[in-house]
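> What would the 3D arrangement of this be:
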Amino acid sequence: MNYQEALSKGIKILKSNKIKSFILDSEILLASSLKLDRARLLLNLNNNIKENQKEIFFNFINRRKKNEPIAYILGFKEFWKNNFKINKSVLIPRPDTEILVDQVLKEIKKNERKQILDIGTGSGCIILSVLKERKNSIGYGIDISKKAINLAKNNAKIQHISNRIKFLHSNIDNYYFGKYDLIVSNPPYIKLSDINVLDKDIKFFEPNLALNGGIDGFSKIRKVIKKSSILVKKKGKLILEIGFNQEINTKKILKTNGFYINRIVKDFSGINRCIVSTKL
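Next up, the predicted model:
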């Protein structure tokens, strides 16, 4: 069996199981099985596949046909400018969340030394991406999931940033450590009733803890804003990711807790996705 034949069989399996991106997914999974990049795979489709590579590939295909996300199958996801280790204990980083990194970097000059807190850090992809670009700043990441914290620490080692970051296993309610120049957070913001209508890739595989925003979608957002009003310095910044219809209520919660709204930033689909605010 050559690469083309294996690829065609993988495509057929995924298509028959109603996986939307059946061609792309098959190419990515085969390239990974062969330890090639996708471009090299497509240039060498007549090469024969080894038996162990074939076994790895069809194991990947069988997992993907059950809707398991590719990031969990491969164990990593590209975010900002680096690959991050990913597992089922953390949310898969999305391109839209890169907007948070971009907005944080706009608030910190290249040589400034700032203290940054990431609430609900997950894989650590946001805070580590920021620290990679702002080499004088130091970061703290907290998460309610111990498994997420262990993964974030691992990612810090891989990115060679362990000396400028501390990851702490903590619920936001019980966190009282420090005063920060800037706080960033991508909190759970999906309404409880909406979780059932999410794509199978998300609702069956990504951690409910990182998705569930409570009955109205604002329970975690309220907690993050309230605690941030205590933890952030005066004139410090809070940068939040929000859901597509949460701008108005989030602004009200921010103002109630003493924040001034600097700007609303849209995602790649033109949806309001990020709020930058300042503690008065």
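
> Show me the strands in this protein, by range?
Applying DSSP state E to the chain gives strands spanning 76-79, 82-85, 115-119, 138-143, 165-169, 180-185, 232-241, 259-266, 272-279.

> Which strands and helices lie in contact with the fifth one?
If I follow you right, that is strand 165-169. Under the contact definition 3 or more C-beta pairs under 8 Å, 6 or more residues apart in numbering; DSSP states H and E, strand 165-169 sits against helix 125-133, strand 138-143, helix 146-158. In short, each C-beta sits where N, CA and C put it, glycine included.

> Could you give me the buried positions within it?
Of all the residues in strand 165-169, those buried under the rule 16 or more other C-beta atoms under 10 Å are 165, 167.

> tell me the mean pLDDT for it?
Average pLDDT, strand 165-169: 97.

> Dump that strand to CSV, restricted to CA.
The C-alpha coordinates for strand 165-169 follow below in CSV (Å, rounded to 0.1, in the frame of the first residue of the first chain):
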residue,chain,number,x,y,z
ILE,A,165,6.3,31.7,35.3
LYS,A,166,4.6,30.1,38.3
PHE,A,167,1.6,27.8,37.7
LEU,A,168,-0.7,27.3,40.8
HIS,A,169,-3.5,24.8,41.3
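
> mind checking how far it is from the chain centre?
17 Å (C-alpha atoms, centre = their mean, to the nearest Å).

> Turn the helices and strands packed on strand 165-169 into JSON lines, columns for distance to residue 102.
Output for those, formatted as JSON lines (distance: least, C-beta to C-beta, whole Å):
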{"stretch": "helix 125-133", "distance to residue 102": "10"}
{"stretch": "strand 138-143", "distance to residue 102": "16"}
{"stretch": "helix 146-158", "distance to residue 102": "19"}
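
> one step back: can you lay out the strands of the chain as CSV showing distance to residue 107?
Output for the strands of the chain, formatted as CSV (distance: least, C-beta to C-beta, whole Å):
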stretch, distance to residue 107
strand 76-79, 19
strand 82-85, 21
strand 115-119, 10
strand 138-143, 14
strand 165-169, 18
strand 180-185, 6
strand 232-241, 5
strand 259-266, 9
strand 272-279, 7
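
> Quick check: which of those strands is nearest to residue 158?
Closest to residue 158 of these is strand 82-85 (C-beta to C-beta; 6.8 Å).

> So what touches the closest one?
With C-beta atoms under 8 Å, 6 or more residues apart in numbering as the test, strand 82-85 has contacts from 75-78, 93, 123-125, 128-129, 132, 151, 154-155, 158-159.

> Out of the residues you listed, grab the one that's most surrounded.
Sorting the contacts of strand 82-85 by how many neighbours each has (other C-beta atoms under 10 Å) puts residue 125 first, at 32 neighbours.

> Can you tell me the centre-most residue of this protein?
For the chain, the residue sitting closest to the mean C-alpha position, by C-alpha atoms, centre = their mean, is residue 93 at 2.3 Å.

> can you give me phi and psi for it?
phi -60, psi 140 (degrees, to the nearest 10).

> just checking, it touches residue 99?
No - contact criterion C-beta atoms under 8 Å: residue 93 and residue 99 do not qualify, at 11.9 Å.

> so where's the stretch 151-280 of the chain uncertain?
Within the stretch 151-280 of the chain, no stretch has pLDDT under 70.

> dump the residue contacts of residue 251.
261, 275.

> Residue 179 now?
If you count contacts by C-beta under 8 Å, 6+ apart, residue 179 has them with 115, 231-233.

> Check the gap between it and residue 34 for me.
Distance, residue 179 to residue 34, using C-beta to C-beta, to the nearest Å: 50 Å.

> cool, and residue 236?
Taken as C-beta to C-beta, the span from residue 236 to residue 34 is 48 Å.
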